Each structure stands twice: as C-alpha cells, then as structure tokens.
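In: quick check, what structure comes out for this input:
(2 chains)
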There are 2 protein chains.
Amino acid sequence: MSKQSFQELFGSDNHCFGCGMHNGHGLRIKSFWDGDYAVAIFNPQSYHCAGSTTIVNGGILGALIDCHCNCFAIADAYKREGCEMGTNPKIWYVTANLNVSYKKPVAIDTPIYLKAVVSKIDGRKTWMSCELFSKDALCVTGEVLSIRLIDK
Amino acid sequence: MSKQSFQELFGSDNHCFGCGMHNGHGLRIKSFWDGDYAVAIFNPQSYHCAGSTTIVNGGILGALIDCHCNCFAIADAYKREGCEMGTNPKIWYVTANLNVSYKKPVAIDTPIYLKAVVSKIDGRKTWMSCELFSKDALCVTGEVLSIRLIDK
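Out: Residues are numbered from 1 along each chain as shown, chains lettered A, B, ... in the order given. As a prediction, the model looks like this:
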C-alpha cells in the first residue's frame, strides 16, 4: 500500500463532502494503491446511521463508493500517463453513473473496507467495480463510471 | 401536497443520516405526496459541496434520492393497504439497489427539487424513478429498488 492517499496527493484545496481532507462535516475518505486495486478504510460515526442506529445509512455507503472510485479514476489516469498524482497538468474526473447494490447491513461500530478495480477504459471514460466489506463479509457492491474533464 | 412529511408521520425515533428528523448531522429530508408523486425540496449546506465548492457532491445527491425513494416505498405501501402512515403494524422497506446518473452539475446555492414515481411493484419489491432538478433543469436521475422487510 502506498504511503500517501490519493486525496493527500491532490493537494489541500479539495473540500468535497466525500473526499476533501479539510471538510469537517465530510467523510474525508483516504484511498490508496494496493497493487492494481484501490483500497480504503472508513470508520463510521454514530450519525452516519440508517433507520437502525446500529447500521450505516445506504446513502453514506454510496457516497464512499462514489468518491473512492472517482479518485481512483484520477489516480489511474496519472499512473497511465507516467505522472505523479497532483502534478500539472491537473487531471480531473467526475462521476457519471453510480450503481450500488446493498446485500447485507453494514455495522456502524466496525471499520468499513473498500476495494475497487478498474474494469474498463474507453477514452475519457473509466469504469470501476467496488466491493465494500464489513467484518470480512461482502456487504455492498458498486459500479462507477467516471468521465475525464477536458483539459482547460 | 399533503401537510405532514412521510418522515414526520413515521414518528420521532428515526435517526437516519438521510431522513431522520433528529439527526443534527444528517440531511433531514422531508418527502410529501403530490398526487401520485413523492416530492421533496432540499437546501444544500456549504459543506455538502463537491470538488468545486459551488456544486453539490454526488454522494449527497445519491443519499437524497435513496432516502426520498425508500420513504416513498413505505408511504406507498401504507396507502395501498388503506392505513395511516406510521400506524401499527409498522411497514418498513430497505434499499436493495440505487442507480444514479449525473447529467448536469447541481448548484449548492439553490434549493434542490426531487420528484419520484413508483414504476413497478412486485410483491415485496417496489421500483421507483426519481428526477432531481436544480434551477428548473433536470440534473440527476435515479432508479431505486426497495424491498419490504418481513413483518415481525
């Protein structure tokens, strides 16, 4: 696993609710390379609960998958171009589609583990598959399509 | 439009991040009947931003669609059974699939309008389609499958 997260390598001006390092209300997810995969560990807070206070809200889980994968698309593009993440010219992607399937409840008192892989690349489009685990069980799966913004 | 939201009719013990009335960190979305549709208006906060601080994070938009539609599935089931929402026996649904397509950026300084309709019902399963508007433009679409929990 690399030492610095994708989000730290971006720099400090990202205030995104999902992946901004400086959003005090946000999820501040940190994603790392692990071989060809992108992985992240997230510790839910009590206010991330669903209707039951013992499990995590599905919207939060979708937000984790969304930002983890979109940051992964950016990291993957830098890697394919042989550039350090965060260097100029800046590469940026946005999510075009997020498809989340909820298979099992996710406990709120346990770290969440995300593992994503790039499934397809076609020009400016990157498709990723993400698995979300809690207590070693696969609880949620997600498919994300991110599209690269045209360089300014 | 009915006077009380689906979430208020549930009662006060729902602390869900998306739709709990008493989650101070949550979105506290309020959904209402409008004919056969379920509608909601949400005012984003500055910390709901994306990478750009002028637009709303996609994960938050997914969370809005998720909770708006899942609460709609519950309200629709009560209605089909001719019961007041929130009365016993309690009806509860959970989201099984959330599929969100992001078409245009959603401004953070403008109220968001959600409009959902039930597209199919098969036993315990309810499928809904949701449109999300900002400044009268359709910005995001969502498809949600919710499944009714078996009565205890």
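In: that's a strand at A:A63, yeah?
Out: No: per DSSP: H, G, I helix; E, B strand; the rest coil, A:A63 lies outside any strand segment and is helix.
In: any idea how far B:C49 is from the nearest residue to it once chain neighbours are set aside?
Out: The shortest distance from A:A63 to any non-neighbouring residue, by CB to CB, 6 or more residues apart in numbering or on different chains, is to B:G59 (2.4 Å). The C-beta positions use only the backbone N, C-alpha and C, and glycine is treated the same way. Distance, B:G59 to B:C49, by CB to CB, to the nearest Å: 11 Å.
In: so what's the spatially most central residue of chain A up against?
Out: Of all residues in chain A, the one closest to the mean position by CA atoms, centre = their mean is A:H68, 0.5 Å from it. By CB atoms under 8 Å, 6 or more residues apart in numbering or on different chains, A:H68 lies in contact with A:19, A:29, A:31, A:38, A:40, A:114, A:116, A:130.
In: rerun at 7 Å
Out: By CB atoms under 7 Å, 6 or more residues apart in numbering or on different chains, the contact set of A:H68 is A:29, A:31, A:38, A:40, A:114, A:116, A:130.
In: circling back: does the residue nearest to A:A63 count as helix, strand or coil?
Out: Three-state assignment for B:G59 (three-state DSSP): helix.
In: give me the number of residues near it?
Out: Residues near B:G59, counting by other CB atoms under 10 Å in any protein chain shown, number 30.
In: ok, the closest residue to A:M128 other than its chain neighbours to chain B distance?
Out: Nearest residue to A:M128, sequence neighbours excluded (CB to CB, 6+ apart): A:C69, at 4.4 Å. Computed as CB to the nearest CB, to the nearest Å, the A:C69 to chain B distance reads 11 Å.
In: with A:T87 instead?
Out: Separation of A:T87 from chain B (CB to the nearest CB) stands at 17 Å.
In: would you say that residue is within a helix?
Out: No: secondary structure of A:T87 (three-state DSSP): coil, not part of a helix.
In: so how far is stretch A:43-55 off the chain centroid?
Out: For stretch A:43-55, the separation from the chain centroid amounts to 19 Å (computed by CA atoms, centre = their mean, to the nearest Å).
In: do stretch A:48-66 as well
Out: Here stretch A:48-66 is found 14 Å from its chain centre; the criterion is CA atoms, centre = their mean.
In: list the contacts of the strand or helix carrying A:L98.
Out: Per DSSP states H and E: A:L98 is located in strand A:93-102. Strand A:93-102 is touched from outside by A:58, A:61-62, A:65-66, A:70, A:73-74, A:126, A:140-149, B:58, B:62, B:95-102, with contacts defined as CB under 7 Å, 6+ apart.
In: which of those are buried, as a PyMOL select command?
Out: The PyMOL selection below is limited to those of the contacts of strand A:93-102 classed as buried (16 or more other CB atoms under 10 Å in any protein chain shown):
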select buried, (chain A and resi 58+61+62+65+66+70+73+74+126+140+141+142+143+144+145+146+147+148) or (chain B and resi 58+62+95+96+97+98+99+100+102)
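In: for the residue nearest to A:S46 when sequence neighbours are not counted, give its distance to A:Q45.
Out: Distance criterion CB to CB, 6+ apart; nearest residue to A:S46, sequence neighbours excluded, is A:I108 at 6.7 Å. Plainly put, A:I108 is 8 Å away from A:Q45 if you go by CB to CB.
In: neighbour count: the two, which is higher?
Out: A:I108 (22 against 13).
In: which pLDDT value belongs to the more buried one?
Out: pLDDT for A:I108: 98.
In: how about A:C83?
Out: Note on A:C83: pLDDT of 94.
In: how about the closest residue to it other than its chain neighbours, what does it touch?
Out: In space, and not counting its chain neighbours, A:C83 is closest to A:I91: 7.9 Å by CB to CB, 6+ apart. Neighbouring residues of A:I91 by CB under 7 Å, 6+ apart: A:74, A:77-78, A:148.
In: among those, which are in strands?
Out: Members of the contacts of A:I91 lying in strands (criterion: DSSP state E): A:R148.
In: alright, calling it a day.
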